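Engineer: Based on what follows, work out the 3D shape:
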Amino acid sequence: MTSLIPLEVVEDPTAAARRVGAFVARSAHANSERWGRSAIALSKSPAAMLEAILEGDPPWPATDVYQVDERVAPPGDPARNVAVLLELLPPDRVHAMPIEDPDLDAAARRYERQVRFPLDLVHLGLGADGHTASLVPGDPVLEVRDQLVAVTREYEGRRRMTLTYPALDTAGAIVWLVTGEAKRDALGRLLAGDTSIPAGRIRNPNQLVVADAAAAP
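Structural biologist: Prediction:
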């Protein structure tokens, strides 16, 4: 197939996660050398990916890790994405989305002021329904153009805070991690630039997809 986005296929989910983790670490080094700092946003991240980031030894004093999205859930809830980030990465470099604030819209505006935009690198996953971050089918957040962080309606039982298309489109680069046979159709549509799925509406010119063999179209 002819793809609009470069695709790397590796053997299995662990190899894919480690490949993306190494990519993130190299980006942190390159951007800190160029700009004196590195601003990275991570989606839900498997442990193997975070371990590979650590092995790449990013310059942590100059590296800030932000969240791409987060479920609105109580502290310590296993549904939250931030727990594994705080467990495996230096917690003082992780900036959690303030989803415990009762005024979620105000919290999104506050997080937008906290994040160092434009981000140098964003890591994204892909849902079987074609969603990415918490940009989900049919949600009004898909049409947000005047905010970099916004709050969704309920999706799979939770509201979400998420980076919006303007935040993703202006990032220095995007690296996708896509694994599993259930993602194969959505990945094919992403690679073809299918704008009927949320993931296909991203217009960042610097993207790379790393997939395992099961997900590859």
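Engineer: pull the longest helix from the chain.
Structural biologist: Taking DSSP state H as the criterion, the chain has its longest helix at helix 13-35.
Engineer: which residues are contacting that one?
Structural biologist: Contact partners of helix 13-35, identified using CB atoms under 8 Å, 6 or more residues apart in numbering, comprise 8, 10, 37-40, 42, 46, 48-53, 55-59, 62-63, 120-121, 123, 172-173, 175, 177-180, 208, 210-212. Every C-beta, even on glycine, is put in place using the N, C-alpha and C of the backbone.
Engineer: List only buried entries from these.
Structural biologist: For these, a neighbour count by 16 or more other CB atoms under 10 Å gives the buried set as 10, 38-40, 42, 46, 48-53, 56, 58, 62-63, 120-121, 123, 172-173, 175, 177-179, 210-212.
Engineer: and those residues, which of them are in helices?
Structural biologist: Those of the buried ones among the contacts of helix 13-35 mapping onto helices are 48-53, per DSSP H.
Engineer: Adding distance to P166, write those out as a markdown table.
Structural biologist: Listed next are those as a markdown table, based on distance: CB to CB, whole Å:
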| residue | distance to P166 |
| --- | --- |
| A48 | 31 |
| M49 | 26 |
| L50 | 27 |
| E51 | 32 |
| A52 | 29 |
| I53 | 26 |
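Engineer: Nearest to D129, out of these: which one, please.
Structural biologist: Closest approach between these and D129, by CB to CB: M49, at 22.1 Å.
Engineer: picking that back up, which two in the ones in helices among the buried ones among the contacts of helix 13-35 are spaced the farthest apart?
Structural biologist: Maximum pairwise distance in these, criterion CB to CB, is 10.0 Å, between A48 and I53.
Engineer: Give me the buried positions along the longest helix of the chain.
Structural biologist: Across helix 13-35, burial judged by 16+ other CB under 10 Å covers 13-25, 27-29, 31-32.
Engineer: Now it: average pLDDT?
Structural biologist: Mean pLDDT, computed over helix 13-35, is 97.
Engineer: do stretch 104-115 as well
Structural biologist: 98.
Engineer: how about R184, what does it touch?
Structural biologist: Shown in contact with R184 (CB under 8 Å, 6+ apart): 214-217.
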